[in-house]
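*Asks:* the following block contains a protein sequence and its predicted model.
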Amino acid sequence: MKPINVGLLGLGTVGGGTLTVLRRNGEEITRRAGREIRVMRAAVRNVDKARALAGNLPLTTDPFEVVTDPNIDIVVELIGGLEPARELVMQAIANGKHVVTANKHLVAKHGNEIFAAAQAKGVMVAFEAAVAGGIPIIKALREGLTANRIEWLAGIINGTSNFILTEMRDKGAAFEDVLKEAQRLGYAEADPTFDIEGIDAAHKLTILSAIAFGIPMQFDRAYTEGISKLTREDVKYAEELGYRIKLLGIARRAENGIELRVHPTLIPERRLIANVDGAMNAVLVRGDAVGPTLYYGAGAGAEPTASAVVADLVDVTRLHTADPHHRVPHLAFQPDQLADTPILQMDEVRTAYYLRLRAFDRPGVLADITRILADSHISIDAMVQKEPAEGEEQVNIILLTHVTVEKNINAAIAKIETLDSVAGTVMRIRLEELTGR
Ligand code: NDP
Ligand code: HSE
């Protein structure tokens, strides 16, 4: 059978990894796909920089030449960002080409428009590499778990922030130094605030939630909080209480809607997912039939991500002659079957909390605090008062609460902060047991 022709947009970390893997494993990939997957040309900004890797592969600085090339069957978008990536993908679809992309930003923001265009044109848009690097989590959710009603999922889905948290905890390394190392290793986004402030994780969570619950992409409704405000003190106190702090993306089916949130989270250290370190990712998915399942692997980097890109290329190669109506739907559910289940406001989310506050070591302080919590219907799971440091009048008080509604804890924190005996603001980190709930 004649080869299927691929045009690559981008030959950076992921594009370079993809070319390398296709070249190294080409023979086996052909045996799997049923025909050769042949890279015809690639687009980059700087041809000289890419030449050593590309060898005699034709290069262009105009990516639109690739998406309009009549000889190309599949366009692989690996340049990142919203524009010109969106325009390139839309033009590729309009030209009847299948698309493979690793661009979670693009899929989370413009996925609804892109999938509608692809559906109308009868082409595939595959995006396994967009979530959790090399872990085949899209495939697992969309196909392997298709019998299940997904109840919730929780994932460490940003390698850079997990790498930073791990290095800070294990080696006492400084935040800025670890971030530089993550950039050097090719893990970080072009704008690393996307990694640190939870935006990249929210893009990925948006995609996972759409596939898990059969809802449209709604990135703008996701709650996003990153790791930049975490202190070493909180990491240490959490560990003393038997917890690890991880940046988690959580999507949960609740009574009145869907929780969609990214934030630092205390997790019991005995859970497998609490021990996922470095740039590794893991996604815990709970289905009503299967129960909890856990997917683990490299969340970033050249060849792990290329592994997912090439898997998509093989899928598209196998299926591109199939009747479009009999392919796996882009978002797992048939396009006319997407639900309009609301995404809950953060105020309505139910979870447990870690609170740290600084208070004067005087009689009655704890009573004041516990009364405020009781008045807000918040029950305390654990409370620790640390010894004051030499010469200091204030002590750190750590509280763990049982599950409550976010608006109740916010109201209680506001009242606690007005107490004369309490100094400064209350540190609040959410806590998830990640059991049946
Ligand atoms: P890089 O910055 O390493 O590579 C980007 C590539 O795109 C470079 O070859 C660059 O060319 C080229 N490029 C950028 N803009 C243009 C343009 N306008 N025209 C032509 N070429 C262009 O990015 P990554 O490989 O790290 O990331 C690519 C995508 O994969 C992003 O969407 C990212 O979020 C995603 N991703 C990245 C992962 C990772 O571990 N790095 C993991 C999973 C997904 P030049 O070098 O000449 O400027
Ligand atoms: N910047 C991303 C991360 C790349 O660190 O997880 C993988 O999507």
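*Replies:* Sure, I can see it. Residues are numbered from 1 along each chain as shown. Ligands and ions are numbered 1, 2, ... in the order given.

*Asks:* quick one: name the residues of the stretch 151-300 of the chain near ligand 1.
*Replies:* Counting by Cβ under 6 Å from any ligand atom, the positions of the stretch 151-300 of the chain adjacent to ligand 1 are Gly186, Tyr187, Glu189, Ala190, Ala300. The way it works is simple: take the backbone N, C-alpha and C, and place the C-beta from them, glycine included.

*Asks:* recalculate using a threshold of 8 Å.
*Replies:* When proximity is defined as Cβ under 8 Å from any ligand atom, the stretch 151-300 of the chain approaches ligand 1 at Gly159, Gly186, Tyr187, Ala188, Glu189, Ala190, Asp200, Gly299, Ala300.

*Asks:* give the burial count for the residue nearest to Asn25 when sequence neighbours are not counted, as a bare number.
*Replies:* Nearest non-adjacent residue to Asn25, counting by Cβ to Cβ, 6 or more residues apart in numbering: Val310, 7.7 Å away. Other residues within reach of Val310, judged by other Cβ atoms under 10 Å, total 25.

*Asks:* show me what the strand or helix carrying Val310 is packed up against.
*Replies:* Using DSSP states H and E, Val310 sits in helix 302-319. Packing partners of helix 302-319 (3 or more Cβ pairs under 8 Å, 6 or more residues apart in numbering; DSSP states H and E): strand 4-9, helix 13-24, helix 26-33, strand 37-43, strand 74-77, strand 98-101, strand 125-126.

*Asks:* quick one: contacts for whichever residue of the chain sits closest to ligand 1?
*Replies:* Per Cβ to the nearest ligand atom, Gly12 is where the chain lies closest to ligand 1, at 1.8 Å. Contacts for Gly12 were tallied using Cβ atoms under 8 Å, 6 or more residues apart in numbering; they are Val44, Leu78, Ile79, Gly186.

*Asks:* so what touches the helix holding Val310?
*Replies:* 4, 6, 13-14, 16-18, 20-22, 25, 29, 32-35, 37, 74, 76, 78, 98, 100, 102, 124, 126-129, 133-136, 139, 186, 297-298, 327.

*Asks:* so where's the protein uncertain?
*Replies:* 436-437 (pLDDT under 70).

*Asks:* circling back: do you know how far the residue nearest to Asn25 is from Lys139?
*Replies:* The gap separating Val310 from Lys139 is 13 Å, by Cβ to Cβ, to the nearest Å.

*Asks:* returning to what we had before: any residue of the helix holding Val310 touching ligand 2?
*Replies:* Yes - Helix 302-319 is in contact with ligand 2 by Cβ under 8 Å from any ligand atom, via Thr305.

*Asks:* and ligand 1, is that helix touching that?
*Replies:* Yes - against ligand 1, helix 302-319 shows contacts by Cβ under 8 Å from any ligand atom at Ala302, Pro304, Thr305, Ala308.

*Asks:* mind putting the helices and strands packed on helix 302-319 in a markdown table, mean neighbour count and distance to ligand 2 included?
*Replies:* Converted to a markdown table, those look like this (neighbours: other Cβ atoms under 10 Å; distance: least, Cβ to the nearest ligand atom, whole Å):
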| stretch | mean neighbour count | distance to ligand 2 |
| --- | --- | --- |
| strand 4-9 | 25 | 17 |
| helix 13-24 | 22 | 9 |
| helix 26-33 | 14 | 22 |
| strand 37-43 | 21 | 20 |
| strand 74-77 | 28 | 14 |
| strand 98-101 | 27 | 12 |
| strand 125-126 | 25 | 16 |
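
*Asks:* would you convert the ones you listed into TSV that also reports distance to Val314?
*Replies:* Conversion of the helices and strands packed on helix 302-319 to TSV gives the following (distance: least, Cβ to Cβ, whole Å):
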stretch	distance to Val314
strand 4-9	10
helix 13-24	10
helix 26-33	5
strand 37-43	7
strand 74-77	11
strand 98-101	10
strand 125-126	10
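
*Asks:* point out the one among those that comes closest to Gly291.
*Replies:* Nearest to Gly291 among the helices and strands packed on helix 302-319 is strand 125-126 (28.3 Å), distances taken as Cβ to Cβ.

*Asks:* pairing partners for that closest one, with directions?
*Replies:* With DSSP bridges as the test, strand 125-126 is paired with strand 98-101 (parallel).

*Asks:* list the residues that contact Pro264.
*Replies:* Glu225, Gly226, Ile227, Leu230, Ile245, Lys246, Leu247, Leu248, Ile429, Arg430.

*Asks:* save the contacts of Gly12 as TSV, and put in distance to ligand 2 and neighbour count too.
*Replies:* Below are the contacts of Gly12 laid out as TSV (distance: Cβ to the nearest ligand atom, whole Å; neighbours: other Cβ atoms under 10 Å):
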residue	distance to ligand 2	neighbour count
Val44	19	23
Leu78	12	27
Ile79	14	23
Gly186	9	16
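
*Asks:* and whichever residue of the stretch 301-437 of the chain sits closest to ligand 2, how many neighbours does it have?
*Replies:* Nearest residue of the stretch 301-437 of the chain to ligand 2, counting by Cβ to the nearest ligand atom: Thr305, 6.6 Å away. By other Cβ under 10 Å, 29 other residues sit near Thr305.
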